[in-house]
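Asker: Give me a 3D structure for the following:
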Amino acid sequence: MRRTVIVMVKEPRPGQVKTRLGRDIGFGAAAWWFRHQSLALLRRIRDPRWQVVLAVTPDVQGLCSRIWPGDLPRMAQGQGDLGQRMRRAMVSIRNGPVCVIGADIPGIGRAQIARAFAALGSHQSVFGPAVDGGYWLVGLKQPHRAPGSMFRDVRWSSESALADSMRSIPGLSVALVDLLQDVDTAADLKAIKPDMATSLLPMTGAQSHARPKP
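Answerer: Numbers count the residues shown, from 1 in each chain. Here you go, the predicted model:
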């Protein structure tokens, strides 16, 4: 059964991506950071043990975008809230376990994804919790059997997102893997490794604003 990693990506346009981070460091700098972070992530997670698929938005622009690697398969995220879009992407994979990840978590690498798939060997679902109460990964052993209630009534962008998502899949065994830091604000940039944060920021005044103090 082939494993699949779906990466949720958004066209890195100033003011339309990482807007909370943009309010801290500038919208152009935030879009620049997201673009280079996403491309670095895609380079890190390529592995013969799984296929990588991009779930893109906006749909039309994302499917024809030249920003993302041309050799990776793409699917449109479509309409709806984050949960509806993630569930739609997951159930489209008919063969083998699937994990969905965000593109704004610098700590994701092959080792973290491998642990998530290993957890699906003995559990029906897996989550990678984030420090803020959300999560950076969700996976299903049998995505074509995803409960209709999955991701229903989840309070997104809140400290309850993970707990709500777990409650939305009653009856499925759940494993938790690595706790990682996502990046929504300048404070989040300071919380990750300084070299990871500053190396991905553009060489502008915004960089010094977000650089961790020595």
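Asker: Every contact and neighbour count from this point should use C-alpha atoms.
Answerer: OK.
Asker: can you pull out the strands in the chain?
Answerer: 3-10, 50-57, 74-76, 98-102, 125-129, 135-140, 174-176 (DSSP state E).
Asker: If you average the pLDDT over the fourth one, what comes out?
Answerer: Confidence for strand 98-102, expressed as mean pLDDT, is 97.
Asker: could you check the angle strand 3-10 makes with it?
Answerer: Calculated by axes from the mean of the first three to the mean of the last three Cα atoms, to 10 degrees, strand 98-102 forms an angle of 30 degrees with strand 3-10.
Asker: So which elements touch strand 98-102?
Answerer: Judged by 3 or more Cα pairs under 8 Å, 6 or more residues apart in numbering; DSSP states H and E, strand 98-102 is in contact with strand 3-10, helix 82-91, strand 135-140.
Asker: Show me the strands paired with it, marking each as parallel or antiparallel.
Answerer: strand 3-10 (parallel), strand 135-140 (antiparallel) (DSSP bridges).
Asker: Could you export those as JSON lines, including mean pLDDT, distance to Leu39 and mean neighbour count?
Answerer: Listed next are the strands paired with strand 98-102 as JSON lines, based on pLDDT from 0 to 100; distance: least, Cα to Cα, whole Å; neighbours: other Cα atoms under 10 Å:
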{"stretch": "strand 3-10", "mean pLDDT": "98", "distance to Leu39": "10", "mean neighbour count": "22"}
{"stretch": "strand 135-140", "mean pLDDT": "98", "distance to Leu39": "17", "mean neighbour count": "25"}
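Asker: Helix or strand with the lowest mean pLDDT in this protein?
Answerer: Counting by mean pLDDT, DSSP states H and E, the weakest-scoring helix or strand in the chain turns out to be helix 205-210, with a mean of 40.
Asker: For the biggest helix by length in the chain, list every residue counted as buried.
Answerer: If you go by DSSP state H, the chain has its longest helix at helix 27-45. Residues of helix 27-45 classed as buried: 27-38, 41-42, 45 (neighbour count, 16 or more other Cα atoms under 10 Å).
Asker: Likewise for stretch 84-97?
Answerer: Neighbour count says stretch 84-97 has Gln84, Arg85, Met86, Arg87, Arg88, Ala89, Met90, Val91, Ile93, Pro97 buried, by 16+ other Cα under 10 Å.
Asker: tally of neighbours for the residue nearest to the first one when sequence neighbours are not counted?
Answerer: Right, the one you point to is Gln84. Distances taken as Cα to Cα, 6 or more residues apart in numbering place Phe151 nearest to Gln84, at 7.1 Å, with adjacent residues excluded. Neighbourhood size, Phe151 [other Cα atoms under 10 Å]: 24.
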